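1. sharing a sequence plus its predicted fold:
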Amino acid sequence: MERIPVLNVENLSVSFSQYAGVLRKKQIEAIKDLNVTLYPGEIVAVAGASGSGKSLLAHAILGILPYNASMGGRISYCGNSLTSAQAQELRGKEIVLVPQSVSYLDPLMKVGPQIRKNAKDKPSREKTLEIFNRYGLAAETENLYPFELSGGMARRVLISTAVLEKPKLVIADEPTPGLDAAAAKRVMEHFREIADEGAAVLLITHDLELAIETADRIAIFYAGTTLEEVQASDFAEGLKLHHPYTRALWQAMPRNGMQVPKGI
Ligand SMILES: Nc1ncnc2c1ncn2[C@@H]1O[C@H](COP(=O)(O)OP(=O)(O)OP(=O)(O)O)[C@@H](O)[C@H]1O
Ligand code: NI
């Protein structure tokens, strides 16, 4: 039997029209010919420099690109093509986003109702407490407004919001800044559990160590496209890295002496 990917992104391109001068518009291609596939049970990390198009990929999948963006290529979800309307319909249910910025929390809504999407039933409340417990948040966090949270707490609330229900596809855009190593590890373990239950996780991160420890495969982004994709274990050992940029990333990791080659 052929395995059907949870997510298949083929030849994705995203470009922006911007004014160059007063009357002339020009197109800037932020993502071009990008491919990535996620099978059930897999965690795929996307690593790459700032501005390489990682968040745009997440937003393209979720159908929430900025108004001045146009998109080409194909995105399919569980074997069917995914339109932005469908993505928005599934968002928060089957497809969840852990956004990069904590500013995605609703500032006017207390944490508890926000996590439960206003559900008031007992099982939802119990689930909230369970997830708080898992992420080391006190039960009283329920009654706080986002402005009353520390950065690390807000980050944990964002993650809790995304994974409270059983999603099929988790897109986590830099989920760990502000978390200490133990908390980050707990989040990664949770992602692994979610994947073990059959979901797919797209983990966007700057942190290559974290990607190696957590992911099955690592896709390296550069200037809006995938330079190469390697098994996490091959990356850890510096094996099968073809592209000079990928090799440079590997060498720059603390475990490999942090040598940054000239010209990178
Ligand atoms: N609304 C927009 N209009 C024009 N260009 C944009 C817009 N949004 C993003 N871009 C450009 O697209 C490119 C990719 O941005 P993106 O946010 O995906 O990067 P990223 O890899 O997530 O970076 P970071 O690691 O800093 O989060 C950047 O060069 C950015 O300037
Ligand atoms: Ni980003």
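-> That came through, no problem. Ligands and ions are numbered 1, 2, ... in the order given.
2. for the nearest residue to Ala199 once chain neighbours are set aside, give me its contacts.
-> In space, and not counting its chain neighbours, Ala199 is closest to Lys168: 5.1 Å by C-beta to C-beta, 6 or more residues apart in numbering. Yep, even glycine has a C-beta here, placed from its N, CA and C like the rest. Residues in contact with Lys168, defined by C-beta atoms under 8 Å, 6 or more residues apart in numbering, are Val6, Cys78, Glu94, Ile95, Gly198, Ala199, Ala200.
3. now do 7 Å
-> The neighbours of Lys168, taking C-beta atoms under 7 Å, 6 or more residues apart in numbering as the test, are Val6, Glu94, Ile95, Ala199.
4. what of Pro5?
-> Thr37, Leu38, Tyr39.
5. what's around the closest residue to Pro146 other than its chain neighbours, how many residues?
-> Excluding the flanking residues, the one nearest Pro146 by C-beta to C-beta, 6+ apart is Leu105, at 4.2 Å. By other C-beta atoms under 10 Å, the residues close to Leu105 number 20.
6. now Leu105: how far from ligand 1?
-> Separation of Leu105 from ligand 1 (C-beta to the nearest ligand atom, to the nearest Å) stands at 18 Å.
7. go ahead and confirm that residue touches Arg155.
-> No. Contact criterion C-beta atoms under 7 Å: Leu105 and Arg155 do not qualify, at 10.0 Å.
8. mind listing the strands for the stretch 101-250 of the chain?
-> 169-173, 200-204, 217-222, 225-231 (DSSP state E, counting those that start in this stretch).
9. now distance to Tyr67, pLDDT and secondary structure too, for the contacts of Pro5, in TSV please.
-> Below are those laid out as TSV (distance: C-beta to C-beta, whole Å; pLDDT from 0 to 100; DSSP: H, G, I helix; E, B strand; the rest coil):
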residue	distance to Tyr67	pLDDT	secondary structure
Thr37	29	96	strand
Leu38	27	97	strand
Tyr39	33	97	coil
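10. out of the residues you listed, who's nearest Gly112?
-> Nearest to Gly112 out of the contacts of Pro5 is Leu38 (C-beta to C-beta; 31.5 Å).
11. and the closest residue to that closest one other than its chain neighbours, what is it in contact with?
-> Closest residue to Leu38 apart from its sequence neighbours, by C-beta to C-beta, 6+ apart: Ala200 at 3.9 Å. Applying C-beta under 7 Å, 6+ apart to Ala200 gives the contacts Val6, Leu7, Leu38, Tyr39, Pro40, Glu42, Leu169.
12. sorry, back to before: and which of the contacts of Lys168 is nearest to Ala181?
-> Using C-beta to C-beta, the contacts of Lys168 come closest to Ala181 at Ala199, 24.5 Å.
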